[in-house]
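> Test case, fold it:
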Amino acid sequence: QVQLVESGGGLVQPGGSLRLSCAASGSIFSINHMNWYRQAPGKQRELVASITSDRSTFYADAVKGRFTISRDNAKNTVYLQMNSLKPEDTAVYYCNANILSRRSSGSLQGADYWGQGTQVTVSS
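Predicted coordinates:
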């Protein structure tokens, strides 16, 4: 089984910074896209940032210039550095990844996995 475990959320004042981490574990063969989504109360889940296996990145307009996504392939971990945080960044942040894993039979299986979410609150 593959698991994604997030960490790094919390309460921060406007203008502050946080760094989220998401570590994948299990019988992983390879990881393709790794993404960060967020969902604010009463709103739909939205894509915040994405990084491919060759480290090409995408950012939502709302976070461009403030957030940076990165990954450590050796650790199967993706990060989201969030600077200049605003109250509107308040949300539950979810890690998502497309992972090729090895079954007990030895065959490979591709699937999307999600973390449990971590709360980010930006407030004075």
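> all contacts plus neighbour counts: C-alpha atoms, from now on.
Will do.
> Contacts for stretch 3-13, please.
With contacts defined as C-alpha atoms under 8 Å, 6 or more residues apart in numbering, stretch 3-13 is touched by 18-26, 85, 94-96, 113-124.
> Give the rounded mean pLDDT of that stretch.
Average pLDDT, stretch 3-13: 96.
> can you give me the strands in this structure?
3-7, 10-12, 18-25, 28-39, 46-51, 57-59, 67-72, 77-82, 91-102, 108-114, 118-122 (DSSP state E).
> what's the distance between the last one and the middle of its chain?
When C-alpha coordinates are averaged (C-alpha atoms, centre = their mean, to the nearest Å), strand 118-122 and its chain have centres 13 Å apart.
> hmm, who's touching that strand?
Under C-alpha under 8 Å, 6+ apart, the answer for strand 118-122 is 6-14, 85-94.
> I would like a ChimeraX command selecting only the buried ones among these, please.
This is how ChimeraX selects the buried members of the contacts of strand 118-122, with burial counted by 16 or more other C-alpha atoms under 10 Å:
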select :6,7,9,12,14,85,86,89,90,91,92,93,94
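> Hmm, Gln51 is touching Asn73, no?
Quick fix: residue 51 is Ile, not Gln. No: with contacts counted by C-alpha atoms under 8 Å, Ile51 stays clear of Asn73, the gap being 11.4 Å.
> More neighbours: which of these two?
Set Ile51 next to Asn73 and count neighbours by other C-alpha atoms under 10 Å: Ile51 wins out with 22 against 13.
> Tell me, how many residues neighbour the closest residue to the more buried one other than its chain neighbours?
Residue nearest to Ile51 in three dimensions, not counting chain neighbours: Thr57, with 4.5 Å by C-alpha to C-alpha, 6 or more residues apart in numbering. Close neighbours of Thr57, defined as other C-alpha under 10 Å, add up to 16.
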